[in-house]
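**Student:** Have a look; sequence and predicted model below, questions after that.
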Amino acid sequence: MIKKEQINALKKAGIKKRDDAINRVHIALKKMQSDNIPINFQSVAKFANVAKSWLYNHTEIATEIKMLRGQSEKIRRLTNYPAQLEKKNNMLSKLEKRIDQVTLENTELKKQLAVLYGKLYKKNHG
């Protein structure tokens, strides 16, 4: 009788441990989604304090992570878009200013060259 009770107690403890882990994973996924944290097996495993292999072995959870991983990647790309756009616009304005500076410098150098050609011509023909 004692052996059966011990086995039942171990089974109950195992079920409780599994249920707690599943609960931690679901809480982690909700928190990660709300905080826009990238979702993948590594990050979920760390966040929920479970092994990556445990996540892969539970097909329902693995499927959910794969689905959310795709969604979080899209969200991350979309949320980064305004920052990327602003960065490119800043780069464009800097390049436009640099082009204006180089164009002005080039015009000035052409004028100086024309003056020097004139002096050289006067010296040789004058």
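**Tutor:** Looks like it came in fine. Numbers count the residues shown, from 1 in each chain.

**Student:** residue ranges with poor pLDDT in this structure?
**Tutor:** Within the chain, the segments meeting pLDDT under 70 span 1, 72-81, 126.

**Student:** What are the boundaries of the helices in it?
**Tutor:** 2-34, 41-48, 52-57, 59-125 (DSSP state H).

**Student:** Residues touching the shortest one, excluding its own?
**Tutor:** Read that as helix 52-57. For helix 52-57, contacts defined as CB atoms under 8 Å, 6 or more residues apart in numbering pick out 21, 25, 41-42, 44-45, 61-62, 65. Where C-beta positions appear, they are placed from N, C-alpha and C, glycine not excepted.

**Student:** Check stretch 63-73 too.
**Tutor:** Here stretch 63-73 makes contact (CB under 8 Å, 6+ apart) with 29, 32-33, 36-41, 44, 55.

**Student:** Just the buried ones out of those, please.
**Tutor:** Buried members of the contacts of stretch 63-73, counted by 16 or more other CB atoms under 10 Å: 29, 32, 37, 39-41, 44, 55.

**Student:** Tell me which two of those residues sit farthest apart.
**Tutor:** Ile37 and Leu55 (15.7 Å; CB to CB).

**Student:** quick one on the thing from earlier: restricted to buried residues, select the contacts of helix 52-57 in ChimeraX.
**Tutor:** To isolate the buried members of the contacts of helix 52-57 in ChimeraX, using 16+ other CB under 10 Å:
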select :21,25,41,44,45,61,65
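
**Student:** could I get the contacts of helix 52-57 as JSON lines with distance to Lys88?
**Tutor:** Listed next are the contacts of helix 52-57 as JSON lines, based on distance: CB to CB, whole Å:
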{"residue": "Ala21", "distance to Lys88": "44"}
{"residue": "Val25", "distance to Lys88": "38"}
{"residue": "Phe41", "distance to Lys88": "33"}
{"residue": "Gln42", "distance to Lys88": "31"}
{"residue": "Val44", "distance to Lys88": "33"}
{"residue": "Ala45", "distance to Lys88": "36"}
{"residue": "Ile61", "distance to Lys88": "39"}
{"residue": "Ala62", "distance to Lys88": "37"}
{"residue": "Ile65", "distance to Lys88": "33"}
